[in-house]
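# Compute the structure for the input listed below.
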Amino acid sequence: MTTRLTPEALDAAILSALPGSEIGADEELTIEPVDGAPHVWRVRRDADASGPGRAARPSNLIVKFPPADDGVRAFKERLGLPAVERHVHSPDGVHGTELLRLPRLRGWGPATRGTSLVLVLDDMAEGTLPPRAVLSAADSERAVRALASFHARWWDRVPDGWRWLPDEAAPARADFLVGTFRSAGLSAVAEASWLPAEVRSGSARLAERAPALLRALSAPPVTVVHGDLHSGNVLFPADPAEPGIRVIDWEAATRARGPLDLAFLVANSEADDVELLDLYRRELTVAVPGITADALLSDYRRALLYHYLRRVALRTAYGAGVPDDAAVRRATAALVRHHAFDELDAL
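Below you'll find the model as predicted:
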């Protein structure tokens, strides 16, 4: 296999050895980073990759390498995230809907450095990378319709055999997230003077009630939740007339209440979150009748608290402070606007 590699992409040499990767040892590959998507690379085959006598194979693939930052890698391995993503893409794993597609797994294997997995996936959205930095109102509505369709498929019917798909209250996950938020997150919050006063004052109470919050988000009815639905993981077809979206990066998938995904999307959207929540409810009740606006609002408020808790825990787990960026400002503004910390009294 001939490759043109940057030093950071040396792990690509294992591609030809991955089981089921459909990459021949004699193929010439061009491997290039995707701007705006860390640790995600596009692999382009040479023009003759399918050749006479060979089955037609995709000329472009998306490859996910383990993170280079040791802190990020340790955080992901502590939560079992890489293993979850491999199961999501397995033949018996999560399937999309007409409006939300998941990439097909072409191959996987251990990285040559560290223990994280390398994934080789279909490149489903040629021309749409790098991803959008923030979703417009129109893109957000399109994503919410697809999300509601996907959640409805699994609503209160996640297969019992999917033991690999954790819930947010699983001890290993919950203890790590809550413990990190209490031990390092609260100190970082105290130093983030730009945070709204309601958020700063409510953080200690959130730390106390966090285990109950995670249990509530994991209580039936649950669905398959992406768990990290920021704008960089939502890809749109190159043809604007083509319906639906493509969603990548499923390593944080869990079984949880559906509005958890909505909270992540809202933090990366220019749209009014009240309108998005109402659209989500209307689309969801087409397939899942009986869902009330009050119940969804309560779950959404709890999901906003979870998003804030996890974002702070993730950052402080590897030595960073609370990020002063647009996504956090949108998320914390939503916490205040919906009086989300009052939800802790009902847990």
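# quick one: average confidence on stretch 244-258?
On average, the pLDDT along stretch 244-258 is 92.
# which one's the longest helix in this structure?
Counting residues, the longest helix found in the chain (DSSP state H) is helix 293-317.
# Can you name the residues that contact F150?
G96, T97, L99, L100, V224 (Cβ atoms under 8 Å, 6 or more residues apart in numbering). The C-beta positions use only the backbone N, C-alpha and C, and glycine is treated the same way.
# just the residues you listed now: which is nearest M124?
Ranked by distance to M124 (Cβ to Cβ), these are led by G96 at 10.1 Å.
# Show me what the longest helix of the chain packs onto, helices and strands only.
helix 70-78, helix 171-180, helix 186-191, helix 197-217, helix 259-266, helix 273-287, helix 326-337 (3 or more Cβ pairs under 8 Å, 6 or more residues apart in numbering; DSSP states H and E).
# just those: most buried one?
Burial of these is given as mean neighbour count (mean count of other Cβ atoms under 10 Å); helix 259-266 ranks first at a mean of 27.
# Going by contacts, tell me the helices and strands next to that one.
Looks like helix 259-266 contacts helix 137-154, helix 273-287, helix 293-317, helix 326-337 (3+ Cβ pairs under 8 Å, 6+ apart).
# Got a quick ChimeraX command for the buried subset of the contacts of F150?
In ChimeraX syntax, the buried subset of these is picked out as below (16 or more other Cβ atoms under 10 Å):
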select :96,97,99,100,224
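# okay if I get the contacts of F150 as JSON lines plus pLDDT, secondary structure and distance to R257?
Shown next, in JSON lines, are the contacts of F150 (pLDDT from 0 to 100; DSSP: H, G, I helix; E, B strand; the rest coil; distance: Cβ to Cβ, whole Å):
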{"residue": "G96", "pLDDT": "95", "secondary structure": "coil", "distance to R257": "20"}
{"residue": "T97", "pLDDT": "96", "secondary structure": "coil", "distance to R257": "18"}
{"residue": "L99", "pLDDT": "95", "secondary structure": "coil", "distance to R257": "20"}
{"residue": "L100", "pLDDT": "95", "secondary structure": "strand", "distance to R257": "18"}
{"residue": "V224", "pLDDT": "98", "secondary structure": "strand", "distance to R257": "11"}
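# Just send the contacts of F150 back as TSV, with distance to P240 too.
Putting the contacts of F150 into TSV (distance: Cβ to Cβ, whole Å) gives the following:
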residue	distance to P240
G96	20
T97	20
L99	15
L100	17
V224	28
